[in-house]
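Engineer: no sequence for this one, just the structure:
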């Protein structure tokens, strides 16, 4: 079985594949001040709650945009699962050409989303991830990751609204019955929802105009469900997209490493004294 982990700014999401089937997934808050033992115990508890043993896990892949947690998190995986995790970064095999000005600066989660979307839905594509930030990543008709846009996430913007104002309460983020709010709560819901929905749709239209070709829009991220039911701009909402991308990257990297090792052993065998006899 393969354990896939995405360490995001707000949450750590964990999924387990048995073959090609995602059999369970979990989410926990991202906190910098956790020890390797705490992370290890959490992973172990997640596995046990799904009736899995530590020994069932044969491989681990991690994408992270929070470098501060990685030392403890990686050590927790090694200590409790006995596995050196594959970490998204230089050297992994994505199978996708990234033609941005500085590919190394692109978040690992964005790369994993792109890989998962291309593998599952083909191309051209616009992948929209509704997370702490809202990211738009464009893959052209040749399967090349060409461009992107990054904006404020819907929950991040809402937190700023009630966090920076003395009298506005924290509210549930959802579509209200009417845009014409009759009280503070429904007025805030209307403003947050329609402002974000309009900004999302306008951004998709701008990508479509500049790309000059038709493309599918694939949405993901926990908050995508707030938007996807109320717009015709989204073709597919796939909340498990990053897990699919991580699985694909892991398999491609393992295949490459196996091929490289086979070629090395073949070379060693040919150069050994026995082969010369």
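Structural biologist: Good, I have the coordinates. Note that the structure is predicted; figures quoted are calculated from it, not measured.
Engineer: Do you have the helices of the stretch 151-277 of the chain handy? List them.
Structural biologist: Per DSSP state H, counting those that start in this stretch, the stretch 151-277 of the chain carries helices over the ranges 154-163, 184-211, 224-228, 241-271, 273-276.
Engineer: Of those, which is nearest residue 234?
Structural biologist: Among these, helix 224-228 comes nearest to residue 234, with 4.9 Å by Cβ to Cβ. Using the backbone N, CA and C atoms, a C-beta is placed for each residue, glycine as well.
Engineer: Check which residues of that closest one are buried.
Structural biologist: 224, 226-228 (16 or more other Cβ atoms under 10 Å).
Engineer: How about residues contacting it?
Structural biologist: Residues outside helix 224-228 that contact it (Cβ atoms under 8 Å, 6 or more residues apart in numbering) are 128-130, 154, 173-175, 193, 196-197, 200, 219, 234, 237, 239.
Engineer: try stretch 70-87
Structural biologist: Residues from elsewhere that reach stretch 70-87 (Cβ under 8 Å, 6+ apart): 3, 5, 7, 34-41, 43-44, 54, 57-64, 92, 249-250, 253.
Engineer: So which of the residues you listed belong to strands?
Structural biologist: If you go by DSSP state E, those have 3, 5, 7, 59-64 in strands.
Engineer: Take the residues you listed and write them to a markdown table, including distance to residue 16, neighbour count and pLDDT.
Structural biologist: Below are those laid out as a markdown table (distance: Cβ to Cβ, whole Å; neighbours: other Cβ atoms under 10 Å; pLDDT from 0 to 100):
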| residue | distance to residue 16 | neighbour count | pLDDT |
| --- | --- | --- | --- |
| 3 | 6 | 25 | 97 |
| 5 | 10 | 24 | 96 |
| 7 | 16 | 23 | 94 |
| 59 | 11 | 19 | 97 |
| 60 | 10 | 22 | 97 |
| 61 | 12 | 25 | 97 |
| 62 | 13 | 22 | 97 |
| 63 | 15 | 26 | 96 |
| 64 | 18 | 22 | 94 |
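Engineer: from those, which is closest to residue 158?
Structural biologist: Residue 158 lies nearest to residue 7 out of these, by Cβ to Cβ, at 22.9 Å.
Engineer: Quick check: closest non-adjacent residue to that closest one.
Structural biologist: Nearest residue to residue 7, sequence neighbours excluded (Cβ to Cβ, 6 or more residues apart in numbering): residue 64, at 3.7 Å.
Engineer: Would you agree the one you found is in contact with residue 108?
Structural biologist: Yes: here residue 64 reaches residue 108: they are 6.1 Å apart, a contact under Cβ atoms under 8 Å.
Engineer: which residues do the two both contact?
Structural biologist: Counting by Cβ under 8 Å, 6+ apart, the common neighbours of residue 64 and residue 108 are residue 88.
Engineer: Verify the stated contact: residue 220 with residue 125.
Structural biologist: No: contact between residue 220 and residue 125 fails when scored by Cβ under 8 Å: they sit 11.6 Å apart.
Engineer: Compare the two (neighbour count), which wins?
Structural biologist: A count of neighbours by other Cβ atoms under 10 Å puts residue 220 above the other of residue 220 and residue 125, at 27 against 24.
Engineer: who's in contact with that one?
Structural biologist: Going by Cβ under 8 Å, 6+ apart, residue 220 touches 113, 127-130, 237-242.
Engineer: Lowest average confidence across the helices of the stretch 151-277 of the chain, which one?
Structural biologist: With a mean of 56, helix 273-276 has the lowest mean pLDDT of these.
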